[in-house]
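> what's the 3D shape of this:
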Amino acid sequence: MEYPGTHFTRPWRLFFLSLFILAFFIISPILILYSSGYRYDFTNGIIQETGAISIDILPKNATAYLNDAKLKTKIPIRLKNLAKGKYKIRLTADGFYDWEKEVLVENKQTAYIKEIKLIQKSEPQKISDNKADRLYLSNNNNYIIYQTRDNPVTFWLRDLNKNTENPIIKGTLGKNYRVNWSNSKNNFAIIYSEDFSEIYVFNAIEPDKLWNLAKEEKNKITKIQWGNSSQPEIFYSTKNQLLTIDASTKQKLTIGKNIFVDWYIDNGQIWTIQNTSSTDQLAIIKDTFGFSKVLTKINSFSNADNKEITWQILNALNNQILLKKSGVSEMLLLDQDKRYSFFGDKLLSSNFNSWWIIWTPWEITTYSQGEEPFLLNRSGEQLQKVIVLDEYNTLGLIWADKMTALFPYYFVSHNLINNKITDAVANTEKRELYFSAIINNQDGLWKKQY
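Sure thing, here's the model as predicted:
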């Protein structure tokens with residue numbers, strides 16, 4: 001029925017209804033594709049999938065650039081609907097070094113730039129005129145022990161809170177020494193000669209009460225290690241026994257006979273390498289004096305001169321253990337099911353994410369629990385040392401003539417110190433770097449904010 005004088009007649013109503021239905025079936029798929037991350041490439045005349053970039057770093061006032069175009073959005077930033085391809089990301093902030101990375105965007109994937117704190121620019125400040133050599137930072141970041149470049153060496157204890165320092169020990173001519181702070185956050189430390197004839201134990205709060213464990217123990221000591229408990233407990237071995245002593249009370253306890261190729265303390269459990277009935281097999285034993293368990297067995301070796309090559313335990317965590325072969329740059333990572341062999345001279349165990357960093361002068365290999373060892377870096381330069389700079393495992397790499405900062409998850413690096421430095425340690429909480437170097441013809445111990 002049509003009303004008299006109306007222009008919106010039945011044919012027109014059918015026409016508009018058909019038009020709306022047609023528009024629905026055309027627009028709906030376009031909206032669905034758009035919301036699913038698809039875009040139409042007008043240049044090539046095709047529909048493409050898209051990806052995204054997510055940026056969340058410190059400091060929050062940093063500015064981000066995409067292909068040199070400044071982004072007005074504040075951090076955290078999420079860039080959606082980006083066509084597949086490579087994009088240059090640059091992050092800048094006043095007083096910090098720029099961070100730059102080429103990021104690959106894949107279809108229906110988000111490229112994350114996170115867990116990064118930019119490195120602060122600052123001038124180093126000289127804090128001591130002593131010609132420092134090796135530096136050792138306490139686990140509670142309150143003290144540094146450093147040795148001088150003299151022969152014999154002198155060991156100094158620096159209180160970082162009071163900004164004072166005093167000599168504590170003068171070494172013996174021609175001897176090499178090592179320093180180990182207690183694993184827990186108390187103030188105990190050990191300074192010992194490599195032949196274990198001198199083992200000085202002291203509390204940094206009362207360094208004048210230092211005592212020599214090597215003189216307290218009648219038998220020659222062959223190895224020494226701090227325990228993992230909150231108490232200042234020292235484990236050590238002689239030729240025949242494995243013992244423990246409380247550094248504060250000097251109370252000593254015999255654990256058992258020392259019949260091991262090597263031993264290591266991890267969370268109160270003693271790992272050992274033991275000979276077996278087979279002349280060419282060694283057993284790796286976990287919790288030797290508790291619920292003893294054979295983790296695996298390895299082959300023993302002899303070199304060309306038919307001299308035995310021994311294994312040393314460098315670290316253990318849960319059911320993983322890292323071994324170092326004596327005399328060569330070779331390490332072996334073991335668990336019950338797998339084993340990995342790779343080059344390595346030294347080990348750094350990060351306090352963040354249970355991350356192991358193994359290096360030689362030419363290579364850096366990393367390991368995280370449950371993953372395979374990963375070759376992080378290879379260089380023709382001579383790497384001297386690796387230190388952890390922050391909770392994101394940014395690394396400080398000491399080379400022959402400089403120090404660089406490496407963001408290992410992104411393979412981004414830049415120079416941190418353009419001077420030859422002897423050694424460095426980092427307070428990751430306050431982001432303070434302490435290092436020994438000659439800067440502007442001034443030799444000494446320096447401090448730098450990063």
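> gap between residue 202 and residue 157?
Counting by C-beta to C-beta, to the nearest Å, the gap from residue 202 to residue 157 is 9 Å. For every residue, glycine as well, the C-beta is placed using N, CA and C.
> which neighbours do the two share?
Residues within reach of residue 202 and of residue 157 at once, by C-beta atoms under 8 Å, 6 or more residues apart in numbering, are residue 168.
> what residue ranges in the stretch 301-450 of the chain are flagged as low confidence?
302-308 (pLDDT under 70).
> could you list every residue that touches residue 252?
Here residue 252 is in contact with 243, 244, 245, 246 (C-beta under 8 Å, 6+ apart).
> filter the residues you listed to the buried ones?
243, 244, 245 (16 or more other C-beta atoms under 10 Å).
> so can I have TSV of the residues you listed showing distance to residue 322 and secondary structure?
As requested, the buried ones among the contacts of residue 252 are exported to TSV (distance: C-beta to C-beta, whole Å; DSSP: H, G, I helix; E, B strand; the rest coil):
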residue	distance to residue 322	secondary structure
243	24	strand
244	23	strand
245	26	strand
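> From these, pick the one nearest residue 351.
residue 244 (23.9 Å; C-beta to C-beta).
> Just the pLDDT for that closest one.
Residue 244 carries a pLDDT value of 97.
> May I ask you to confirm that it is in contact with residue 255?
Yes. Using C-beta atoms under 8 Å, residue 244 makes contact with residue 255 at a distance of 6.1 Å.
> intersection of neighbour lists for those two?
Contacts common to residue 244 and residue 255, judged by C-beta under 8 Å, 6+ apart, are residue 235.
> Now do the strands in the stretch 351-450 of the chain.
Counting by DSSP state E, counting those that start in this stretch, the stretch 351-450 of the chain has strands at residues 355-359, 363-368, 374-378, 383-388, 395-399, 403-407, 412-417, 421-427, 432-439, 442-449.
> Check whether residue 141 sits in a helix, strand or coil.
Three-state assignment for residue 141 (DSSP: H, G, I helix; E, B strand; the rest coil): coil.
> list the contacts for it?
160, 427, 429, 430.
> Okay, the third one and residue 281: tell me how far apart.
Looking back up the chat, that one is residue 429. Distance from residue 429 to residue 281, by C-beta to C-beta: 46 Å.
> who has more neighbours, those two?
residue 281 (13 against 10; other C-beta atoms under 10 Å).
> ok, back up a step: residue 290: which of the contacts of residue 252 is nearest?
Relative to residue 290, and with distances defined as C-beta to C-beta, the nearest of those is residue 244, at 14.2 Å.
> tell me the two of the contacts of residue 141 that are most distant?
So, the contacts of residue 141 by C-beta to C-beta: farthest apart are 160 and 429, at 11.3 Å.
> Can you show me the helices along this structure?
10-35, 213-216 (DSSP state H).
> ranking these by mean pLDDT, which is last?
Looking at those, the weakest mean confidence is helix 10-35, a mean of 66.
> Mind listing the residues bridging to residue 378?
Note on residue 378: beta-bridge partners by DSSP bridges are residue 363.
> Out of the strands of the stretch 351-450 of the chain, the one nearest residue 9 is which?
strand 412-417 (70.0 Å).
> quick one: that closest one to strand 421-427, angle?
110 degrees (axes from the mean of the first three to the mean of the last three C-alpha atoms, to 10 degrees).
> What are the contacting residues of strand 412-417?
Counting by C-beta under 8 Å, 6+ apart, 97-101, 119, 124, 396-397, 402-407, 433, 435, 437, 448, 450 sit against strand 412-417.
> Would you mark the buried spots in that strand?
412, 416, 417.
> for stretch 357-364, same thing?
For stretch 357-364, by 16+ other C-beta under 10 Å, it's 357, 358, 359, 360, 363, 364.
> what would those residues look like in a markdown table with distance to residue 111?
Formatted as a markdown table, the buried residues of stretch 357-364 follow (distance: C-beta to C-beta, whole Å):
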| residue | distance to residue 111 |
| --- | --- |
| 357 | 25 |
| 358 | 28 |
| 359 | 28 |
| 360 | 32 |
| 363 | 27 |
| 364 | 24 |
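> now, which of those sits nearest residue 264?
residue 358 (16.0 Å).
> and the closest residue to that closest one other than its chain neighbours, how many neighbours?
Among residues not flanking residue 358 along the chain, residue 344 sits closest, at 3.9 Å (C-beta to C-beta, 6 or more residues apart in numbering). Counted with other C-beta under 10 Å, the neighbours of residue 344 add up to 25.
> again with the one 5 residues further on
Other residues within reach of residue 349, judged by other C-beta under 10 Å, total 15.
> Mind listing the residues bridging to it?
residue 356.
> Strands along the stretch 51-200 of the chain, start to end?
63-66, 69-70, 77-83, 85-92, 99-105, 110-117, 125-128, 132-137, 143-148, 154-159, 164-170, 177-181, 188-193, 199-203.
> so which of those is the most packed in?
strand 143-148 (a mean of 24; mean count of other C-beta atoms under 10 Å).
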